[in-house]
Each structure stands twice: as C-alpha cells, then as structure tokens.
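A.B. asks: return a 3D structure for these sequence lines:
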Amino acid sequence: MTGQNRKDISPGLKVNIVLKEDQRSGKLTAGVVKDILTNSSTHPHGIKVRLEDGQVGRVKEILNKEKH
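C.D. replies: I've put the predicted structure just below:
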C-alpha cells in the first residue's frame with residue numbers, strides 16, 4: 001500500500017519513508033509514525049510524517065495496518 005492517502009496513515013503505524021536527503025537515491029527508512037505533517041487528504045509524493053525517532057519524510061509504503 002502506498003502512502004499517498006492521509007486516511008491510510010495514523011500514529012503508531014510502521015511505514016517506509018524517503019527522507020529529503022534520500023529523494024534522489026530513493027533510499028527508504030523504516031520507522032513508526034509519531035505525527036502526520038501533511039494537512040491535505042492526499043499528496044502525489046506521499047504524506048509527510050515524523051517518525052518516533054524524529055526523522056521526517058514522505059511515506060512510500062505502509063508495512064502493516066496494525067499499530068505497535
């Protein structure tokens with residue numbers, strides 16, 4: 001599942017994001033969502049989130065629907 005719809009993402013969800021500095025390479029970073037930073041309901045490049053470790057990026061994949 002992609003991370004383009006805000007309704008699919010909630011705090012506690014495990015996701016893969018692409019960090020700003022990794023956009024060219026497409027390198028993914030796994031983590032657990034702490035905050036949703038995008039206000040619009042959809043975004044073509046992925047919803048921007050802050051992970052529990054403080055990293056910020058756009059969701060590329062939702063790894064599981066159950067929360068941790």
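A.B. asks: grab the most central residue of the protein for me.
C.D. replies: Of all residues in the chain, the one closest to the mean position by C-alpha atoms, centre = their mean is residue 59, 2.7 Å from it.
A.B. asks: now that residue. Nearest residue, chain neighbours left out?
C.D. replies: Nearest residue to residue 59 in three dimensions, chain neighbours excluded: residue 3, at 2.5 Å (C-beta to C-beta, 6 or more residues apart in numbering). All C-beta spots, glycine's among them, are computed from the backbone N, C-alpha and C.
A.B. asks: and the one you found, helix, strand or coil?
C.D. replies: Following DSSP: H, G, I helix; E, B strand; the rest coil, we place residue 3 in the coil state.
A.B. asks: may I ask you to confirm that it is in contact with residue 63?
C.D. replies: No - Residue 3 lies out of contact with residue 63 (C-beta atoms under 8 Å); the separation is 10.3 Å.
A.B. asks: still on that earlier bit, which ones are touching the residue nearest to residue 59?
C.D. replies: Shown in contact with residue 3 (C-beta atoms under 8 Å, 6 or more residues apart in numbering): 9, 15, 17, 46, 47, 49, 58, 59, 60, 61, 62.
A.B. asks: among the residues you listed, which are in strands?
C.D. replies: Filtering these for membership in strands, criterion DSSP state E, returns 15, 17, 49, 58, 59, 60, 61, 62.
A.B. asks: which residues does residue 63 contact?
C.D. replies: Residue 63 sits in contact with 13, 14, 15, 16, 30, where contact means C-beta under 8 Å, 6+ apart.
A.B. asks: how much space between the second one and residue 54?
C.D. replies: Using C-beta to C-beta, to the nearest Å, we find residue 14 at a distance of 16 Å from residue 54.
A.B. asks: likewise for the third one?
C.D. replies: Computed as C-beta to C-beta, the residue 15 to residue 54 distance reads 15 Å.
A.B. asks: out of those two, which sits in the busier spot?
C.D. replies: The neighbour comparison of residue 15 against residue 54 (other C-beta atoms under 10 Å) goes to residue 15, with 26 against 8.
A.B. asks: strands paired with the lengthiest strand in the chain, and their directions?
C.D. replies: Secondary structure of the chain per DSSP E: the longest strand is strand 28-36. Sheet pairing of strand 28-36 (DSSP bridges) gives strand 14-19 (antiparallel), strand 48-51 (antiparallel).
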